[in-house]
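**Student:** The following block contains a protein sequence and its predicted model.
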Amino acid sequence: MHKNIFSFQVAYINLIVLFSAFSANATVRLPQLISNHMVLQRNTNFKIWGWASPGEKISIYFNGRTENTVTGTDSSWQVSFPAMKEGGPFTMNIKGDNKIILNDILIGDVWFCSGQSNMVLPMERLKEKYPNEVENDNFPEIRNFFVPTSADISRVHDDLPPGKWASAAGADLLQMGGLTYFFAKQLYQKYHIPIGIINSSVGGYSIDAWMSAEALHEFPAMETKIKDLKDSNYINNLIRNKPAKEADYALSLPAPDKGITGPVKWIDPDYVPENWHRFWLPGYWADQGVKGLHGILYFRKEIEVPASMTDVPAKLFLGCIVDADSTFVNGKFVGNITYQYPPRRYNLPPGILKAGKNIIVIKLTNTSEKGGFVPDKNYSLNANGQKIDLRGDWIYQVGQAQNPHKDEGYGSYDWVTHNSPAGLYNTMVAPANHYAIKGFVWYQGEADWSDPKDYAKYLPALINDWRSKWNEGEIPFLYAQLPGFMEVEYSPSESDWARLRQSQLESLVLPNTGMAVTIDIGEWNDIHPLDKKDVGERLALWAEHLAYGSNDPDYSGPVYQSYQIEGNKIILHFIHTGTGFMIRGGGDLYYFAIAGADKKYVWANAKIEGDKIIVWNDKILKPVSVRYAWANNPEGANLYNKKGLPASPFETDNK
């Protein structure tokens, strides 16, 4: 998911060269956000800025008003327009030594959305889950600006990487983040106000990469790291060590891959497999009798295809694969993915399938963790309205086994800049600080699961940091709590994911913040759950409450506030109970645990009494603390409000 920064830098230099050629007779330059199809924030003063020759006079006409300024000695200029009501489309005329005309500008509400890959995940990845929306939705007044990935630890940039505004319509809808689309759609359909989304997100990086250097001053370890990373000798040593580490890795791989060096390649339909091993797909080979194997494996299955599925386009679904695959049908390459997270959805043109016997071969490369095929995903061949289930018996053979080696990671400029304090802030956040917005939406935390307690300090620091940089006061900051993920446990246990959720919960003490609880819409086997509609709509409920003045009392699920002990019972008090508690599915409350002074948690009884929850276990005579939904994947946690919004996980003793 991470883009090669060297390739990006080359592309960016080429753009600068092209622009320089253009600007020989046109010296006014605008930032990426100030462009055709943009959405400007309504009901507040907003800035238009850019660059030109020092002393150059700039005049901007927009929506019946003209603002003038003179370019400073640093070649920058800026004007401020007074608050305007929603509307459009409008045209903006910018005049310096040259003229620029921007078209199709809307005035509405703009949300700056950021985080990890769950904020990036586009509608294209969700098109099988939401086929009606992909086929029929058309909202030209919802606009999206996706910020390309870039990072720099050395300085704050004055502009974003090259990007453009696009409408939530047609092919452009598929490129919009799923969460942000459903968030914007709910707000647009309720208020009929243009919605602009600035999506500045990158998969896999920790929260400190999104914070400014000033915000990180209160974290001494980060200050030291920033200092090191600004040392050119330190960076050069990392880059210099990369070839040596790559060479060590190469030595760990025996050569060659037997699947491509024999007289007949293993992907060839004429190859006759001998002494291959049985494999039940989906699954992991570590769970099927093979220990510690990493390398290249070939998986093969023969299937019978009816004539009615041939000579028409087909689609091959192979779930998710850990890590990389190249897939062949009847010896023809049909697609590949180079890392584990994306679903495998390969289009087969007419002519690849034939009536009768067909052979599917998957060349799978795995370098760490458990390799194989993620369970509970779609493994099927589809054509002409018919479906062949591919789950079941396959055979496999090892083409190349990787020798054990110490994986110390690769030192590289790409990795260092992206995953370093302020590295993403400098390039993907700071350049947008001048752009007036309605509020923030944040979905991140997966990369910080190993330091869950520290997150309770970092998230409030980021919220305060961004608010101060935009200088618009305590504008709404909305965020998604981490969903359920990984295997379900049936006994009370410790969980870093639960503790990170607790850190997210504690950040609600900051004013004008809202948290969407998502423990019930995760997937145990996928860190990228596909249900982005519920997440977006739950965040939109918070936006309606904090930003639009909605009187609906059920904008949040119940949130724990305080407790008191009475005998062997703990009485829990909540806020955001709205129109009242509900037990989802009926029956008894589930997933409450209670502990005495030894902090050994056991399952507890729990019941609703008005706006309180009473928790006890007859064997715990002197209880001191309670946990609710405290697990990586608290499946079955069933405390909700009457609108169907889940209560947040919590613990009463969060020291």
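**Tutor:** That came through fine.

**Student:** what's the helix or strand for Leu293?
**Tutor:** Per DSSP states H and E: Leu293 is located in neither a helix nor a strand.

**Student:** Distance of it relative to Tyr271?
**Tutor:** 22 Å (Cβ to Cβ, to the nearest Å). Every residue, glycine included, has its C-beta placed from N, CA and C.

**Student:** which one of those two has more residues nearby?
**Tutor:** Neighbours were counted for Leu293 and for Tyr271 using other Cβ atoms under 10 Å; Tyr271 has more, 18 against 14.

**Student:** and the more buried one, how far is that from Lys363?
**Tutor:** Plainly put, Tyr271 is 13 Å away from Lys363 if you go by Cβ to Cβ.

**Student:** again with Asn275
**Tutor:** 18 Å.

**Student:** what touches both of Tyr271 and Lys363?
**Tutor:** Counting by Cβ atoms under 8 Å, 6 or more residues apart in numbering, Tyr271 and Lys363 have no common neighbour.

**Student:** Asn275 and Lys363 - which one has more neighbours?
**Tutor:** Counting neighbours by other Cβ under 10 Å for Asn275 and for Lys363 shows that Lys363 has the greater number, 22 against 6.

**Student:** mind checking the SS state of that one?
**Tutor:** strand (DSSP: H, G, I helix; E, B strand; the rest coil).

**Student:** Run through the bridge partners of it.
**Tutor:** Tyr298, Ser326 (DSSP bridges).

**Student:** so who does it touch?
**Tutor:** The neighbours of Lys363, taking Cβ under 8 Å, 6+ apart as the test, are Gly259, Trp266, Ile267, Ile296, Leu297, Tyr298, Asp325, Ser326, Thr327, Phe328, Gly399.

**Student:** In TSV: those residues, plus pLDDT and neighbour count.
**Tutor:** Shown next, in TSV, are the contacts of Lys363 (pLDDT from 0 to 100; neighbours: other Cβ atoms under 10 Å):
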residue	pLDDT	neighbour count
Gly259	96	19
Trp266	97	20
Ile267	97	22
Ile296	95	22
Leu297	97	24
Tyr298	98	25
Asp325	97	23
Ser326	97	17
Thr327	98	22
Phe328	98	23
Gly399	96	20
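
**Student:** Thr310: which of those residues is nearest?
**Tutor:** Phe328 (17.3 Å; Cβ to Cβ).

**Student:** Any figure for the gap between the closest one and Pro273?
**Tutor:** Distance of Phe328 to Pro273, computed by Cβ to Cβ: 14 Å.

**Student:** and if you look at Ile594?
**Tutor:** As judged by Cβ to Cβ, Ile594 and Pro273 stand 56 Å apart.

**Student:** Just the C-alphas of stretch 457-464, formatted as PDB.
**Tutor:** Taking C-alpha atoms only, stretch 457-464 is exported to PDB below (Å, rounded to 0.1, in the frame of the first residue of the first chain):
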ATOM      1  CA  LYS A 457      -1.800  10.800  25.200                       C
ATOM      2  CA  TYR A 458      -1.100  10.900  21.500                       C
ATOM      3  CA  LEU A 459      -4.700  11.200  20.200                       C
ATOM      4  CA  PRO A 460      -5.700  14.200  22.400                       C
ATOM      5  CA  ALA A 461      -2.300  15.800  21.400                       C
ATOM      6  CA  LEU A 462      -3.100  15.300  17.700                       C
ATOM      7  CA  ILE A 463      -6.600  16.700  18.100                       C
ATOM      8  CA  ASN A 464      -5.300  19.900  19.900                       C
END
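
**Student:** Check which residues of that stretch are buried.
**Tutor:** Neighbour counts over stretch 457-464 (16 or more other Cβ atoms under 10 Å) mark Lys457, Tyr458, Leu459, Pro460, Ala461, Leu462, Ile463 as buried.
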